[in-house]
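In: Mind looking at a prediction? Sequence and model below.
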Amino acid sequence: MRLADLAPTAARLGCPLPAWFVRVDAAAWSAAAAAATRLVALWGRRDGGGGARVSAAFVFDDGLLWAELALAGGQAYPDLGPHFPFAVRMQRALADLSAVEAEGAVDRRPWLDHGRWPDSRARSADYEFVRVEGDGVHEIPVGPVHAGIIEPGHFRFSVVGEKVLRLEERLGYVHKGITRRFTELAPVEAARLAGRVSGDSTVAYAWAYAMALEDAAGCPPPPRALALRALALERERVANHLGDLGALANDAALAFGLAQFSRLREDWLRLAQPAFGHRLMMDAVVPGGVAFDLEPAMLGRLAAQCDAFEPVLHELRSIYDEHAGLQDRFVGTGRVPPELAARLGLAGLAGRASGQAQDLRCDRPWPPYEALGVVKAGSAEGDVAARVGVRFDELFESLRLIRRLCTTLPAGVPRRELVVPAAPARGLGWVEGWRGEVLVALELEGARLLDCHCHDPSWQNWPVLEHAVIGNIVPDFPLVNKSFNLSYSGHDL
Amino acid sequence: MWKMLRLIARAGRLSEPAPDVPEPAEVSAIQGELLRVLGRALAIREVDAGSCNGCELEIHALANPYYNLEGLGLRFVASPRHADMLLVTGPVTRNMEEALRRTYDATPAPKLVVAAGDCACGGGIFGNGGAACRGRVAEVIPVDVAVPGCPPPPIELLRGILAAVRAQGAAR
């Protein structure tokens, strides 16, 4: 289905990816949900008059449709759950944050609201987990403070012996009120906040936010800035894959893998400090361009690091592939078959490892990706081994892209002054981060942020993790979890 | 197996100073001091009380071969009941407040608390207080040392841990 046929009146947004905005009524909302190939995000806000605005980002063959539905006070919106199962949690979050309900939604438990905010709607901190009953079934509650150095969340396992019958997640522990915080900050300054929605994806979020603000302000960044952003984004992808590939081996008791990958990651981050001004490249991407510039000598060093890493990574891959103990833990573990992945909407890196061939860099290449010819990684196996394989493939592809960007960097300024318009405006940013597609949608009014929603692909993938672990043994859960490595902070907002 | 050995041999010992990276030398100095002050293993429990996960990335980096944290006798443990020190990140979301307090209560005395990162020190970009966050760790549990930075690089985290240990050593 093409959105041009469904919503011919939609207005093209200034975002470099194909995206349109349209105001819809409830019937058109449902029609878009039924016709869309994917749902990226769902969000909303209270409007001044006691009503609310609910927005959804639907994907069609020819682009993204930002559909906005205006609701009167107390009015509900059509449930997206039947079309997109993962939307249920977004709807619960929307009810928690903006007091808008989905019509006829079955699961109305609070999600981000744990009954601990001054303005909580949830009346208690208790949560109704789904109970599994039967001979020998028992529960293992884990978290929110986990055993490792990871973000907090609660996992409730129902097990028989070692086998997991059911996993139920409860998230929201790191809800920081990010959406509200955006409205308290000046739009240009708020780029720092966007870069801290999920620290491991700081470049992806900062770029998506900058893209959205530049769209709203009608101020495209200079070509040099775009190439430098892509360079930073690919380096972020490499940094995360290096970290996770090491941690995955460690979770399967091959400490060698962690030692090797963590020293490579440290080398990588140490070079980022002089090049981008920050080890994790936070605040390197700013509205209007980038806050750094790279001299030819530094470009040479960045490219040389790729050259130095590549043979080592090939060697590490062959060690991983040939290590019987590691493969025994990886192969067949945490499998999400392509049919299930398609039904549940598995996104990003994990989706590509389960036959869902989606990558914005290839599907909707925006500058500078249109000139880079990104090769999409993928597998149909859907297990931990497949997600490891996709990460290796993407590592090598990103090294190629970084070298290419280092040698083809356009001349010119890396930043242009961005003037925030006083007139009402909206903007959208859509970027393929290392984990999957990150979306930022914002509205400006009087040169202030009226609303800014940041979407993390973890929303799509957390529910699938519950399925991936069914039938696996409890000790394999860390391995399965790490192979997805989903964001808590990006999800909890 | 030979491939692994070859790679290990080729990587060599990384705690040696490298050209144009001043940090390895600094790391060695801190390592020596830690051993002198502490003279025993320190068990650290990390608690994410609402961070963006940036601090966790740098805390993880502490365990890489360059910083050799475990080589010093500093280690991260899985339970607060095994810990001497809590290393807390994030602006303390209200949804994590009780979990943080319980973790603190479960840690046997004498105990140390290091607040790591701008958010843990004063809310950072998320603001000091508000509907969803308490705004800093010291609002909820006593803090011995605060390590600013967004996120603090591993070397600063190591300094903060050392400062807390040293302060405790001096108080004895």
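Out: Yes, it's here.

In: At which residues are the strands of chain B located?
Out: Here chain B has its strands, by DSSP state E, at B:42-48, B:74-76, B:85-89, B:112-116, B:145-147.

In: Deepest in the core, which of these is it.
Out: The highest mean neighbour count among the strands of chain B, using mean count of other Cβ atoms under 10 Å in any protein chain shown, belongs to strand B:85-89: a mean of 28. Where C-beta positions appear, they are placed from N, C-alpha and C, glycine not excepted.

In: what residues does that strand touch?
Out: Defining contact as Cβ atoms under 8 Å, 6 or more residues apart in numbering or on different chains, one finds that strand B:85-89 is touched by B:42-51, B:55-56, B:59, B:80, B:100, B:103-104, B:107, B:111-117, B:119-120, B:137, B:141, B:143, B:151, B:157, B:161, B:164-165.

In: before we move on, back to that, I'd like the strands of chain B as a markdown table, with mean pLDDT appended.
Out: Listed next are the strands of chain B as a markdown table, based on pLDDT from 0 to 100:
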| stretch | mean pLDDT |
| --- | --- |
| strand B:42-48 | 94 |
| strand B:74-76 | 89 |
| strand B:85-89 | 96 |
| strand B:112-116 | 96 |
| strand B:145-147 | 96 |
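
In: Could I get those strands in CSV, plus columns for distance to residue A:62?
Out: Listed next are those as CSV, based on distance: least, Cβ to Cβ, whole Å:
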stretch, distance to residue A:62
strand B:42-48, 41
strand B:74-76, 50
strand B:85-89, 43
strand B:112-116, 47
strand B:145-147, 50
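
In: Between those strands, which one is closest to residue A:467.
Out: With Cβ to Cβ as the measure, strand B:42-48 is the member of these nearest residue A:467 (25.7 Å).

In: Against which helices or strands is that closest one packed?
Out: helix B:54-61, strand B:74-76, strand B:85-89, helix B:94-106, helix B:154-171 (3 or more Cβ pairs under 8 Å, 6 or more residues apart in numbering or on different chains; DSSP states H and E).

In: Tell me what angle that strand forms with strand B:112-116.
Out: Strand B:42-48 and strand B:112-116 are oriented at 40 degrees to each other (axes from the mean of the first three to the mean of the last three Cα atoms, to 10 degrees).

In: Grab the nearest non-local neighbour of the residue in chain A positioned nearest to chain B.
Out: Chain B sits closest to residue A:199 of chain A, with a gap of 2.7 Å, by Cβ to the nearest Cβ. Leaving aside its sequence neighbours, residue A:199 sits nearest to residue B:54 (Cβ to Cβ, 6 or more residues apart in numbering or on different chains; 2.7 Å).

In: OK, contacts around the one you found?
Out: With contact taken as Cβ under 8 Å, 6+ apart, residue B:54 is in contact with A:196, A:199, A:200, A:202, A:280, A:282, B:117, B:150, B:151.

In: Pop the domain breakdown of chain A in here.
Out: Listed domain ranges for chain A are A:3-103, A:178-492 (source: automatic domain parsing).

In: Got phi/psi on the residue located most distally from the centre of chain A?
Out: Of all residues in chain A, residue A:135 has its C-alpha farthest from the mean position, at 39.4 Å, by Cα atoms, centre = their mean. The phi/psi pair for residue A:135 (degrees, to the nearest 10) reads phi -60, psi 120.

In: who's in contact with it?
Out: Shown in contact with residue A:135 (Cβ under 8 Å, 6+ apart): no residues.

In: any idea of the angle the strand or helix carrying residue A:231 forms with helix B:54-61?
Out: Using DSSP states H and E, residue A:231 sits in helix A:223-251. Per the same axes, to 10 degrees, the angle that helix A:223-251 makes with helix B:54-61 is 50 degrees.

In: name the helices or strands packed onto helix A:223-251?
Out: On a contact count with 3+ Cβ pairs under 8 Å, 6+ apart, helix A:223-251 meets helix A:202-217, helix A:255-276, strand A:289-290, helix A:296-322, helix A:384-407, helix A:477-484.

In: Pipe these into a markdown table and attach mean neighbour count per row.
Out: What follows is those, written out as a markdown table (neighbours: other Cβ atoms under 10 Å in any protein chain shown):
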| stretch | mean neighbour count |
| --- | --- |
| helix A:202-217 | 28 |
| helix A:255-276 | 20 |
| strand A:289-290 | 28 |
| helix A:296-322 | 16 |
| helix A:384-407 | 22 |
| helix A:477-484 | 22 |
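
In: so which of those gets nearest residue B:69?
Out: Closest to residue B:69 of the helices and strands packed on helix A:223-251 is helix A:255-276 (Cβ to Cβ; 11.2 Å).

In: What average pLDDT does the closest one get?
Out: For helix A:255-276, mean pLDDT is 96.

In: For chain A, give me its nearest residue in chain B.
Out: residue B:54 (2.7 Å).

In: Roughly how far does that residue sit from residue A:202?
Out: According to Cβ to Cβ, to the nearest Å, residue B:54 stands 7 Å off from residue A:202.

In: shared neighbours, those two?
Out: Residues touching both residue B:54 and residue A:202 (Cβ under 8 Å, 6+ apart): A:196, A:280, A:282.

In: Keep only those that also lie close to chain B.
Out: Here is what survives when the shared contacts of residue B:54 and residue A:202 are matched to chain B using Cβ under 8 Å from any Cβ of the partner chain: A:196, A:280, A:282.

In: excluding its backbone neighbours, what's nearest the last one?
Out: Right, the one you point to is residue A:282. On the basis of Cβ to Cβ, 6+ apart, the spatially nearest residue to residue A:282 that is not a chain neighbour turns out to be residue A:202, at 4.8 Å.

In: go on, the first one?
Out: Closest residue to residue A:196 in three dimensions, ignoring its sequence neighbours and counting by Cβ to Cβ, 6+ apart: residue B:52, at 4.2 Å.

In: Could you tell me the angle between the helix holding residue A:231 and helix A:384-407?
Out: Relative orientation of helix A:223-251 versus helix A:384-407 (the same axes, to 10 degrees): 150 degrees.

In: between helix A:223-251 and helix A:477-484, how many degrees?
Out: 170 degrees.

In: Quick one, grab the pLDDT at the closest residue to residue A:124 other than its chain neighbours.
Out: Leaving aside its sequence neighbours, residue A:124 sits nearest to residue A:115 (Cβ to Cβ, 6+ apart; 5.1 Å). Listed pLDDT for residue A:115 reads 93.

In: correct me, but residue A:115 touches residue A:109?
Out: No. The criterion here is Cβ atoms under 8 Å, and residue A:115 misses it with residue A:109 at 11.4 Å.
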